[in-house]
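Q: okay, predicted coordinates and the sequence, questions at the end:
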Amino acid sequence: MQAIVKRIGRNPQSPDGGAQEASDVQISTAAEERSRAVSIRLMLVDDHRMLREALRAILEKAGDIELVAEADDGAAALELARELEPDVVVMDIGLEGMSGIEATRRMLAENPGIKVLGLSTFADGRMAMQMLEAGARGYLAKSAGGDELLCGIRAVAHQRGLRRRHG
């Protein structure tokens, strides 16, 4: 919430010899400053709770990324994406039931503005290629570090593709 403060002072150069003038001064709260710093709204999709918790801990350290939702399967991811319209979705390729590849395809058919970063244990280039063909903007192996994850999220959010595999 922005506060508007009326500042009243004398202007000696005014025609009436310095009558009081009021001017508005806007003061931003600390919460508003933090909210301006958050530029990427992110949804995390992985069927392994422990991994989601670990990734959440990494994301909490990034001041420019806000985790708006988590899903453990493709159907829940599609529903949350419709409702929340995140900027970026980090999508596990190997989800149970509907694969991350299919969930990405469907999600982007409904909302092509969402950017997807594929995440997988597979170091196989074919899986990465299928994810990219489904519309993902990048791919990262789960063996990558936290800094690489954050770089990948920022890269796809800002229209730069990312293709990294780690063995």
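A: Good, I have the coordinates.
Q: check the offset of stretch 124-134 from the chain's centre.
A: Distance, stretch centre to chain centre, for stretch 124-134: 22 Å (C-alpha atoms, centre = their mean, to the nearest Å).
Q: likewise for stretch 122-132?
A: Per C-alpha atoms, centre = their mean, the centroid offset for stretch 122-132 relative to its chain is 23 Å.
Q: domains of the chain?
A: Using automatic domain parsing, the domain ranges for the chain come out as 3-32, 38-164.
Q: now the ones you listed as TSV including mean neighbour count?
A: (C-beta placed from N, C-alpha, C; glycine too.) Shown next, in TSV, are the domains of the chain (neighbours: other C-beta atoms under 10 Å):
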stretch	mean neighbour count
domain 3-32	9
domain 38-164	18
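Q: assumed residue 117 was part of a strand.
A: Yes. Residue 117 sits within a strand when classified using DSSP: H, G, I helix; E, B strand; the rest coil.
Q: which residues does the residue nearest to residue 71 when sequence neighbours are not counted contact?
A: Excluding its sequence neighbours, the residue lying closest to residue 71 (C-beta to C-beta, 6 or more residues apart in numbering) is residue 77, at 4.1 Å. Counting by C-beta atoms under 8 Å, 6 or more residues apart in numbering, residue 77 makes contact with 43, 45, 71, 89, 91, 103, 107.
Q: now, those residues that are in strands?
A: Residues from the contacts of residue 77 lying in strands, with DSSP state E as the criterion: 43, 45, 71, 89, 91.
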